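In: Sequence and predicted structure below; questions after.
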Amino acid sequence: MTAISAVSSYLSWGAQTPTSAPAAERAAQPRGDQQVRESYNVKISEAYQEFKTKFQEFHDREQCFGEDLAREAYEARSKIKEEHQEQTSYLGRAAIWLRNMVTYGGGNASYEGLSKTKNPEEIAYSAFKTGGGDLGLQNNGFGDKLDVWKAIKDVSTLYPEDITDSMVAVYKAQEPGKVDTDAILAARDVTSASNRFMDLLEPRKNTINTHA
């Protein structure tokens, strides 16, 4: 068992507030790692909703945003991460540090390090996904939408904010390494009955990328 896997069960199941404790007693106790993780997912997702408007302003002009906005997104994510790491148990922090050393070569990924393999848009979007599956941690699901975006970006004008849950479901159902982009794009129009009325209010745009 590796050092990382050894603490995975603790992060998943340890340091939990007993559900049988009285409400007043639970409120007085520090949050367990699982609760900290849930808060982290929520805060990262909320931050994305704020940046989503900024991203859309560029895309409405058919422009890619640059390093300034990417750095702003990276710093927003870093602030939330630091706040929640301070609330994490010592064992939890040790596991995260070890995992980041293996993955990034440092305690946390730096902007400069990320820029070696990602462009500003990829850095900005990845700032709003949470991972940690190798530590038994739950994520906020945004990474799945980024995977779909990367799979279809060469043939589509859609951005991550345009990716629907139906598209994610179709992508996940496909055989690894064999991406059917037509099926994924077609799934964008698959909506639940409760959402159809709202969808009619949104203007449609061409989602197929054409090349001169």
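Out: Perfect, thanks for sending it.
In: ok, the residue nearest the centre of the chain to Ala183 distance?
Out: In the chain, the C-alpha nearest the mean C-alpha coordinate belongs to Lys129, at 1.5 Å (CA atoms, centre = their mean). Going from Lys129 to Ala183 by CB to CB, to the nearest Å gives 23 Å. To be clear about C-beta, it is placed using only N, CA and C from the backbone, and glycine gets the same treatment.
In: still on that earlier bit, give me the phi and psi angles of the residue nearest to the centre of the chain.
Out: Per-residue torsions, Lys129: phi -110, psi 150 (degrees, to the nearest 10).
In: so it makes contact with Trp149?
Out: No. With contact defined as CB atoms under 8 Å, Lys129 does not reach Trp149; the gap is 11.0 Å.
In: helices and strands around the longest helix belonging to the chain, which ones?
Out: With secondary structure taken from DSSP state H, the chain has its longest helix at helix 33-60. Helix 33-60 sits against helix 3-13, helix 67-87, helix 120-126, helix 142-152, with contacts defined as 3 or more CB pairs under 8 Å, 6 or more residues apart in numbering; DSSP states H and E.
In: Buried by neighbour count: which residues of that helix qualify?
Out: 33-34, 36-37, 40-41, 43-44, 47-48, 51, 55, 59 (16 or more other CB atoms under 10 Å).
In: ends of stretch 62-73, how far apart?
Out: 20 Å (CA to CA, to the nearest Å).
In: what residues does that stretch touch?
Out: Outside stretch 62-73, the residues that touch it by CB atoms under 8 Å, 6 or more residues apart in numbering are 51, 54-55, 58, 111, 119-121, 123-125, 127-128.
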